[in-house]
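> The sequence and its predicted three-dimensional model are supplied below.
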Amino acid sequence: MSSCKVSNMVIFLTLPLVMMASIPASAKTFYEDFEQTYGDQRLQLLDNGQHFTLTQDKDSGAGFKSKNEYLFGRFDMDMKLAPGNSAGTVTTFYVITLTPEHDEIDIEFLGNASGNPYTLHTNVYSKGKGNKEEQFHLWFDPTQEFHNYTIIWNPTRIIWLVDNSPIRIFKNFESELGVPYPHSKPMRVYCSFWNADDWATQGGKVKADWSQGSKTVSYKNHNINACMSWQQDCATSNKDPKSWQNYDLGEAGHDRLRWVREKIRVSNYCADKGRFPEGLPRECMPSEFENPADPPAGAVPANPPGANPSKNSLKSSTAKANPSHPRRPRQPVNPAIPKPAKPAVPNPAKPAIPNPANPANIPNPANPAGPNPANPAIPNPANPAIPNPLNPAIPNPTNPPIPNPANPTGPTSNPTIPQPINIGINIDPRNPKRNHY
């Protein structure tokens, strides 16, 4: 009996148990969860299928995929990358749906020449649209030992973790901003090791070197804790705040993400204004992680072997690592735009001249261009030199200039003369240029 038939029988026998328990977790052997996609003997299984390797030579690479499709979940894989000159190669761990308008969530390692770091490349596709790349140079050498890489995908966000530390988050803004988000198409897990030297390293300028023989990457300790495509409400039924369905970074996670963005992120599509001349994508809103933070515990960036040990070696090597995805400058925080000082606005609640006869401060509709007889304290700009003999507090535009000894300064000194209206401040909404404060 072939191994394929055996694995199918195992799936068939264990499926009812999974359905009865309603636990969307998978076993941890290659035989039960995966099947080879290409590469023949270049895929090797070790430790009873819990450890597997992919080898690439000048003729071909290799790959495998999950037997099941999943709609949301947490996907973990330990990986150790090929050492030495890995230029032109791409090592992948991603989830994808193979439909015309496909959805995809990527973790890809772009190889480089000896002495330069791998570039961790992340991306999101929804309805066939991607262009949401962020790239990183990790704080360790991923070829020396195994490290854990995680994709968390739930209805509200996608989170990428490295050794359980967040490096990126992509939130679901579909209902709020109309940004497509993968939420309706089940996806399979894919892993591969393949030759992409037409673009992977320095835009294809550095080709893969096979003079030293083949190259090998290793995978082990995979864990798929995800919802099967037929499980209704699986992604929303778990209320445990620590589950992947409700995964929250918390204060420590936000601090780590700030540190990653400040220290090891080398490319960010949201900072590439030249790539989007008509404006950045709608999801590129001001980040909540603008301030630099202290490095997370145990995450002190180390220079890869042979790399420039200078302070800025991680950042300065980006252009050499992969010019096809050149490092894009971080989007500067917009400086505070000074606002012009507002002119002093008089307070109608406190008029300059109290007038109990008119507490509502009604402007003078009879003569908006001239003085307001309701407020004799304000001189007449049309003819302030001519007093009014009938009421020395109100200017007279018709009589010749006659000094008014009773009221030389403007306000009335004759309490027997009635003042029917007094708004205190002459504010004429029909002619604001004539307003006086």
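Done, it's in.
> I'd like to check which residues are in contact with residue 241.
residue 248 (C-beta atoms under 8 Å, 6 or more residues apart in numbering). Any C-beta I mention is one placed from the backbone N, CA and C, and that applies to glycine too.
> shaky segments in the protein?
Counting by pLDDT under 70, the chain has low-confidence residues at 1-27, 286-437.
> List the buried residues for the lengthiest strand in the chain?
Counting residues, the longest strand found in the chain (DSSP state E) is strand 215-228. Neighbour counts using 16 or more other C-beta atoms under 10 Å place 215-220, 222-228 of strand 215-228 among the buried residues.
> ok, now stretch 72-85?
Neighbour counts over stretch 72-85 (16+ other C-beta under 10 Å) mark 72-82, 85 as buried.
> measure residue 223 to residue 149 for me?
11 Å (C-beta to C-beta, to the nearest Å).
> which neighbours do those two share?
In contact with both residue 223 and residue 149: 76-77, using C-beta under 8 Å, 6+ apart.
> where do the strands sit along the stretch 51-200 of the chain?
Along the stretch 51-200 of the chain, the stretches classed as strands by DSSP state E, counting those that start in this stretch are 51-56, 62-66, 70-80, 89-96, 104-110, 119-125, 134-136, 147-153, 157-162, 165-171, 188-195.
> most packed of those?
Among these, strand 134-136 has the highest mean neighbour count (mean count of other C-beta atoms under 10 Å), at a mean of 24.
> Tell me the helices and strands packed up against that strand.
Counting contacts by 3 or more C-beta pairs under 8 Å, 6 or more residues apart in numbering; DSSP states H and E, strand 134-136 packs against strand 119-125, strand 165-171, strand 265-268.
> Please produce TSV containing those, extended by distance to residue 206.
Formatted as TSV, the helices and strands packed on strand 134-136 follow (distance: least, C-beta to C-beta, whole Å):
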stretch	distance to residue 206
strand 119-125	13
strand 165-171	25
strand 265-268	17
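> Verify the stated contact: residue 280 with residue 179.
No - counting by C-beta atoms under 8 Å, residue 179 is not a contact partner of residue 280; they are 11.8 Å apart.
> more neighbours, those two?
Using other C-beta atoms under 10 Å as the criterion, residue 280 and residue 179 rank with residue 179 on top: 19 against 15.
> what sits against the more buried one?
173, 281-283.
> Let me see the contact set for residue 248.
With the criterion set at C-beta under 8 Å, 6+ apart, residue 248 makes contact with residue 241.
> Kindly indicate whether it is helix, strand or coil.
coil (DSSP: H, G, I helix; E, B strand; the rest coil).
> quick one: buried residues of the strand or helix carrying residue 255?
In this assignment (DSSP states H and E), residue 255 forms part of helix 250-263. For helix 250-263, the buried set under the neighbour-count rule, 16+ other C-beta under 10 Å, comprises 253-261, 263.
> now swap in stretch 227-244 and tell me
227-228, 231, 234-235, 238, 244.
> Where strands are concerned, which of the residues you listed count?
Per DSSP E, the buried residues of stretch 227-244 map to strands at 227-228.
> List just the nearest of the buried residues of stretch 227-244 to residue 68.
Closest approach between the buried residues of stretch 227-244 and residue 68, by C-beta to C-beta: residue 228, at 6.3 Å.
> Report whether the expected contact of the closest one with residue 234 is present.
Yes - under the criterion of C-beta under 8 Å, residue 228 makes contact with residue 234 at 7.4 Å.
> picking that back up, make JSON lines out of the contacts of residue 179 and add neighbour count.
Converted to JSON lines, these look like this (neighbours: other C-beta atoms under 10 Å):
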{"residue": "173", "neighbour count": "16"}
{"residue": "281", "neighbour count": "17"}
{"residue": "282", "neighbour count": "11"}
{"residue": "283", "neighbour count": "20"}
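> Out of these, which is nearest to residue 128?
Nearest to residue 128 among those, with distances taken as C-beta to C-beta, is residue 281, at 15.3 Å.
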